[in-house]
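Enquirer: return a 3D structure for these sequence lines:
(chains A and B)
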Amino acid sequence: MHELSIAAGIVEAVTESAAAYPGSRVTEVRLRVGALASIVEDSLQFCWELATDDTPLAGSKLVINKQPVVVYCDACDADVEIKGVQSFRCPRCGKHAAEIRQGRELEIESIELDEPEIGAANPVEEKV
Amino acid sequence: MTTRIVELRRGILKKNDELAAGLRDRFASAGVLVLNLVSSPGTGKTAFLELTLREMRTRGVRVAALVGDLETDNDARRLAASGAPVRQINTHGICHLDAEMIAKHIDAWEEVSLPGLDYLFIENVGNLVCPSSYDLGESIRVAMLSVTEGEDKPLKYPGLFNSADAAVITKIDLSIPCGFDRDLALKNINEIRPGIRVFETSSKTGAGMVMWLDYLAEHARLL
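Expert: Numbers count the residues shown, from 1 in each chain, chains lettered A, B, ... in the order given. Have a look, this model is predicted:
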């Protein structure tokens, strides 16, 4: 439901980071999104086009790498991955495991940029 | 053109998280216990909070509340009848409260100073999805559901229930007419958030309030 504001937040953060690479264009943004992050992937993809329109990120691709939930199981003394988000139990021993080690992430992992070749004509000239 | 990949590893909600961390420090140094109440619309957050504020004030505890809604100050007016300072936050379409709204309202709130409070309750916008991502600097996040909503609410909204520190079941006076399966509801809550404290309450009869108030007092002592 708040995917548009999430998308706008990503655009802002990426624009800020990409400013360190003048003349280059962002072609891809890769996210890490945990299964517990309450993000609907389709909805975020839909909002991406809206949020990037008229920004330096227009036309870029959004790649969402979903992260499964990993919990710490006290009984097994191990980090274990659980299937889905419907039962927080260790798949090995079946005991409840409340400590979340992974699955809440909502972060920009990396961005891909197209950069001008070094020594090529200066593409910044259109700035005036 | 050449392609370059830049690792960012940057939290999308970093700004909110930083603001919330700042708020948490402020709350801790002022010695105020802050609770964030989250539920669907209609669970009875306001009625539960009305009773909580009233009970606490009769015990001489210093309480205040911030209440979030898209529009209207109806809830603030209801809560203010308890005599506690209450401030309405209207989000005008935004489906959750965020740390910036909380900071702004606390700074602008003339009748309340944090060190003068024992407890601050934040009633979030009625929504079980989006508030789960936004830390408000609270010490205790309370996930609430009413017996009229169905026992599987925690399974449908695991992100929120899993992020909660306590759960409150409301309207238990309606359990029988609603055919509420208490054991199933408790099992589902525990499946999503193993070991969480659950309070079974009725704002109409006052059931469960003593345990709830004792829980709050225990946590305030730990500050």
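
Enquirer: going forward, measure contacts between C-alpha atoms and count neighbours the same way
Expert: OK.

Enquirer: strands of chain A, start to end?
Expert: Ranges of strands within chain A are A:25-34, A:61-67, A:69-73, A:78-82, A:99-102, A:106-115, based on DSSP state E.

Enquirer: which stretch among those strands comes nearest B:N162?
Expert: B:N162 lies closest to strand A:99-102 among the strands of chain A, at 9.1 Å (CA to CA).

Enquirer: could you export the closest one as PDB, CA atoms only?
Expert: The C-alpha coordinates for strand A:99-102 follow below in PDB (Å, rounded to 0.1, in the frame of the first residue of the first chain):
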ATOM      1  CA  GLU A  99      14.800 -14.500  16.700                       C
ATOM      2  CA  ILE A 100      14.800 -13.100  13.200                       C
ATOM      3  CA  ARG A 101      18.300 -13.100  11.500                       C
ATOM      4  CA  GLN A 102      17.100 -12.200   8.000                       C
END
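
Enquirer: pull the distance from that strand to the chain's centre.
Expert: Its chain's C-alpha centre and that of strand A:99-102 lie 18 Å apart, by CA atoms, centre = their mean, to the nearest Å.

Enquirer: so what are the sheet partners of it and their directions?
Expert: strand A:69-73 (antiparallel) (DSSP bridges).

Enquirer: buried set for the partner strand?
Expert: For strand A:69-73, burial by neighbour count (16 or more other CA atoms under 10 Å in any protein chain shown) applies to A:V69, A:V70, A:V71, A:Y72, A:C73.

Enquirer: who touches it?
Expert: Applying CA atoms under 8 Å, 6 or more residues apart in numbering or on different chains, the contact partners of strand A:69-73 are A:34-36, A:78-85, A:88, A:90, A:95-104.

Enquirer: neighbours around A:E49, how many?
Expert: 18 (other CA atoms under 10 Å in any protein chain shown).

Enquirer: distance of it from chain B?
Expert: Between A:E49 and chain B the computed distance is 17 Å (CA to the nearest CA, to the nearest Å).

Enquirer: what sits against that residue?
Expert: Residues in contact with A:E49 (CA under 8 Å, 6+ apart) are A:A58, A:G59.

Enquirer: I'd say A:V85 and B:P158 touch.
Expert: Yes - A:V85 is within contact range of B:P158, at 6.4 Å (criterion: CA atoms under 8 Å).

Enquirer: now list whatever residues contact both of these two.
Expert: Here A:V85 and B:P158 have A:L36, B:I192 as joint contacts, going by CA under 8 Å, 6+ apart.

Enquirer: which of those two has more residues huddled nearby?
Expert: Neighbour tally, A:V85 and B:P158, criterion other CA under 10 Å: the higher count belongs to B:P158, 27 against 20.

Enquirer: what's near enough to touch the more buried one?
Expert: The contact partners of B:P158, by CA under 8 Å, 6+ apart, come to A:L36, A:V85, A:Q86, B:I192.

Enquirer: try it again at 7 Å.
Expert: Taking CA atoms under 7 Å, 6 or more residues apart in numbering or on different chains as the contact definition, B:P158 lies against A:V85, A:Q86, B:I192.

Enquirer: over to B:E7?
Expert: B:E7 makes contact with A:E109, A:S110, A:I111, according to CA under 7 Å, 6+ apart.

Enquirer: on the three-state scheme, it is what?
Expert: Following DSSP: H, G, I helix; E, B strand; the rest coil, we place B:E7 in the strand state.

Enquirer: residue 118: how many residues sit nearby?
Expert: No chain was given, so I picked chain A. For A:I118, the neighbour count with other CA under 10 Å is 9.

Enquirer: wait, chain B was what I had in mind.
Expert: B:D118 is flanked by 18 other residues according to other CA under 10 Å.

Enquirer: just want the most central residue of chain A.
Expert: Geometric centre of chain A, nearest residue: A:L31, 1.6 Å, by CA atoms, centre = their mean.

Enquirer: chain B now?
Expert: For chain B, the residue whose C-alpha lies nearest the mean C-alpha position (CA atoms, centre = their mean) is B:L37; its distance is 1.3 Å.

Enquirer: so what pLDDT did that one get?
Expert: At B:L37, the pLDDT value in this model is 98.
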